[in-house]
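J.: Just need the structure, nothing else, for what follows:
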Amino acid sequence: MEGDIAVHKFLNHSSLLRLFRLADNRDFFVALLEDIFPGRFSQNESFEESLVTVDLNLIIQQLTTLPKFLSMHELSSNYFGLYAHDAFVAERKAMNALMVWAVLMNRFSLAETLLKFCEDPIPMALFVSAMFRGLSGHCDASLTTKLHEQSRNFSMKAIDILDMSYRESSERTFDLLNQKFADFNNKTPIKMAYESENKFFLAHESCQIWLTRLWEGGIKVYGPTDSLIPSEAKLIISALLLFPINFWIQFDSKEFLKHQEADNAADINENGSLHNDVPLEQDDPVGLLLRNISRHGDPMDLSSPKNNETSEATLQKLEDLSLLESRLVSGKPTEPLSLNVPRKRAPPVIRYHRRRKALPFWRKVYYLWSAPRTKFWMFQLFYWVYLAIFSIAVILPSCNKTHLDAVIFIWTAFGVIELGLRTAYQARHDFPVSIRRRVIEIVVTIVFVLAAVILRRYSGLVRPLYTRALFATGLLYMYYRMISVFFPMNPDLGPTLYRIKRMILVDFVSFVRLAFPFILANLFVLQAVMYPDVPFGVETWRQGFHRAFFTLFTAFIQEIDYTPRCEATRIFNHSDTCWTGDYADHTCPTLGVISYVLNIQYWIIMRLILMVLLSALFAATMIKVKEDAEYIFKYQRYSTVLDFASRSALPPPLSVVGYLFDWIVACCARTKRIDPGHRKQLTQPRSIKLIDRRSAVIRSNESYSYWMGLTKEYYRKKAEEERERKVPAEQLKKLEFMTFDLLV
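T.: Presented below is the predicted three-dimensional model:
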């Protein structure tokens, strides 16, 4: 590979199948096949051709969620020189196939070496990391830790290369994060990292800045950070009152748009001027070169659609380029013979002015309400209003809240409609969303609304208390939902929520599993000894459960006290053998040595041991996940930002206005009154349009060369660091030899 050997000329589907068949030590791969396809493969059986044509893509999809990653038809066509695209794409496809083979065969060192020659090192490193992570779930427990380490190793390689690029050129890094890679199912590196649960990559500074830019939506709030009015308050007031937009909100889309917008790019017109405010002299070679590039394309861009120019035009551009380089670097150009250009005393100074157009006020309002940051606060504000009305409706007497109930039903119905339409949009555009959880949430909310309407309309069906309990349960759910939707975006509350979730789902569940046998045993034992004559029924179970479970929170000391009421019913002559207790009143507890011993042992176990153990587990979790919680917060921030970016500009119940507008536009497009391009421009969320516009950048060969060179530089630095790390040990070894020679 160092000798520029074309891998695609040696690799087709047959040779790839031979690699699987003739590989040494293929036990790891066979064990993987037996786990994914039970009963189809064995250790001594030769692999069929269907392994590479069908099964291989199924394995990759199960490990990484990427469908149809390899095309054996294209691989073989490239082998015979029948390129579907060009030789560069063919080489990249062959490297992808070879990398898959190395990972599935657990050839970690080979995978590291192949990464050095990949044209897209960061997406490939993320892909390999996802594959190793997926393999850890299909192998023996003894290899799980090693595979996780290998996954983390490739993840760190992607992060290190990204960091090197970010320090050299942040804009090039952001272009990469926005780039959709055809080899990886048109996914961006950020999306690949999210789907593979690579929280370390998403926690990188450049990824978080990318998310922050998307979150702000091209708007900024004027004023110092220590102002008496917080920036969030300025944002909400501007969105509601509108007129503060002129002095509190700044609109700047340069962080999203790199081209296509005349007011955000330095366009060169036909007269050789920049934005009509910096004229270029007609005899200035710099202006001549800029005009040539603007008309004919960059001569060094091999991917330009106008690269079929004549040799004379190419030579002319190269001469212009050399002249420009000499003038900008040294200031003393050596003029080529083909350019008769007067010499200047000093190189010209080219000033790039960003032309800012005054946005119409209606567009400012649209941009403000379309920003994910504004959506977050407006949705939260309206949600708090909804919860306030809901709380009042629940606490008021049943006969005095008919109108409030109607408001709650309508508002909740609009919220369900907004959630359903948003879920459909996100699923159609492959957003990071759990469809199952959304469907459950929608179904539960619909059932609540229908049940509440029926019980309110036909009040005689059940007891009014049950209707009120249903409303109270719905209110509790809505409060908890607010915590899960809006709190994760807070940098303080987000990590704390993860810790609480970990405490509940891991520590408390483990505690319940441990405490359940003690609770169950003492439920029966204490009830049988202290209340032996209580008639068996629902009350028996209620008393036993109440005492056994709530001992977690308090000790029932009053049950072991003698009371005058019970002493008045004490039985001194136990002639009735069926009556076991000491009192004629079966509600009085029978006390004695056995009762004391059983209660004391239960209190010691529950209050002094298990509860202390639970507190220790919580404290250990707080310490253990402190660093991990920050990574999880930054990882989950991606899904939250995209969720608000894809929401409608208006929150429920106003969202119905926005969706009515979308439906009107769709009807007009269907009747051909609006072309499809205008329909997408009118209905698609602006934040998503900004992402798509940036991701449509066409990559050049220079881009591939840059990332390959950066990868080789990364490996060179790692090798140099390894050599420097070994220097002290080598010097110590030499000193030991010298000391030994002197002593001898």
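
J.: Could you report the neighbour count for Ile623?
T.: Number of residues near Ile623 (other Cβ atoms under 10 Å) recorded here: 8. All C-beta atoms are positioned from the backbone trio N, CA, C, and that covers glycine.

J.: got it, and Asp405?
T.: Asp405: 18 neighbours (other Cβ under 10 Å).

J.: Spell out the secondary structure type for it.
T.: helix (DSSP: H, G, I helix; E, B strand; the rest coil).

J.: Surely it is in contact with Arg457?
T.: No: the criterion here is Cβ atoms under 8 Å, and Asp405 misses it with Arg457 at 10.1 Å.

J.: Against which helices or strands is the helix or strand harbouring Glu720 packed?
T.: Applying DSSP states H and E as the criterion places Glu720 in helix 701-743. For helix 701-743, the elements it packs on are helix 121-135, helix 141-168, judged by 3 or more Cβ pairs under 8 Å, 6 or more residues apart in numbering; DSSP states H and E.

J.: helices or strands up against the last one?
T.: For helix 141-168, the elements it packs on are helix 108-115, helix 121-135, helix 170-178, helix 199-202, helix 205-216, helix 701-743, judged by 3+ Cβ pairs under 8 Å, 6+ apart.

J.: please redo it, this time with the cut-off set to 10 Å
T.: Counting contacts by 3 or more Cβ pairs under 10 Å, 6 or more residues apart in numbering; DSSP states H and E, helix 141-168 is packed against helix 27-36, helix 108-115, helix 121-135, helix 170-178, helix 189-195, helix 199-202, helix 205-216, helix 701-743.

J.: Flag every buried residue along it.
T.: 143, 147, 150-151, 153-155, 157-162, 165-166 (16 or more other Cβ atoms under 10 Å).

J.: what angle do it and helix 170-178 make?
T.: 140 degrees (axes from the mean of the first three to the mean of the last three Cα atoms, to 10 degrees).

J.: what mean pLDDT would you report for helix 141-168?
T.: Across helix 141-168, pLDDT averages out at 90.

J.: can you give me the angle it makes with helix 27-36?
T.: 100 degrees.

J.: Rounded mean pLDDT for the helix holding Glu720, please.
T.: 80.

J.: same question, stretch 631-644
T.: 89.

J.: and the helices and strands packed on helix 701-743 as CSV, adding distance to Val447?
T.: CSV is the format used below for those (distance: least, Cβ to Cβ, whole Å):
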stretch, distance to Val447
helix 121-135, 37
helix 141-168, 41
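
J.: For Gly474, find the nearest of these.
T.: Shortest distance between Gly474 and the helices and strands packed on helix 701-743, using Cβ to Cβ, is found for helix 121-135: 39.5 Å.

J.: Helix 170-178 and the closest one, what's the angle between them?
T.: Using the same axes, to 10 degrees: helix 121-135 against helix 170-178 is 40 degrees.

J.: Tell me which of the helices and strands packed on helix 701-743 sits nearest to Met503.
T.: That would be helix 141-168 among the helices and strands packed on helix 701-743, by Cβ to Cβ, at 23.7 Å.

J.: just how off-centre is that closest one within its chain?
T.: Distance of helix 141-168 from the chain centroid (Cα atoms, centre = their mean, to the nearest Å) equals 18 Å.

J.: ok, now stretch 410-430?
T.: Per Cα atoms, centre = their mean, the centroid offset for stretch 410-430 relative to its chain is 20 Å.

J.: Cys588: what secondary structure?
T.: Cys588 ends up coil, using three-state DSSP.

J.: follow-up on the earlier one: of the helices and strands packed on helix 701-743, which is nearest Lys634?
T.: helix 141-168 (12.7 Å).

J.: and the direction of the closest one versus that of helix 205-216, what angle?
T.: Going by the same axes, to 10 degrees, helix 141-168 makes 70 degrees with helix 205-216.

J.: what angle do helix 141-168 and helix 108-115 make?
T.: Using the same axes, to 10 degrees: helix 141-168 against helix 108-115 is 20 degrees.

J.: returning to what we had before: quick one: which of the buried residues of helix 141-168 is nearest to Leu228?
T.: Tyr166 (36.0 Å).

J.: just to revisit the earlier point, now the angle between helix 141-168 and the helix holding Glu720, please.
T.: 110 degrees.

J.: and helix 701-743, how far out from the chain's middle?
T.: 37 Å.
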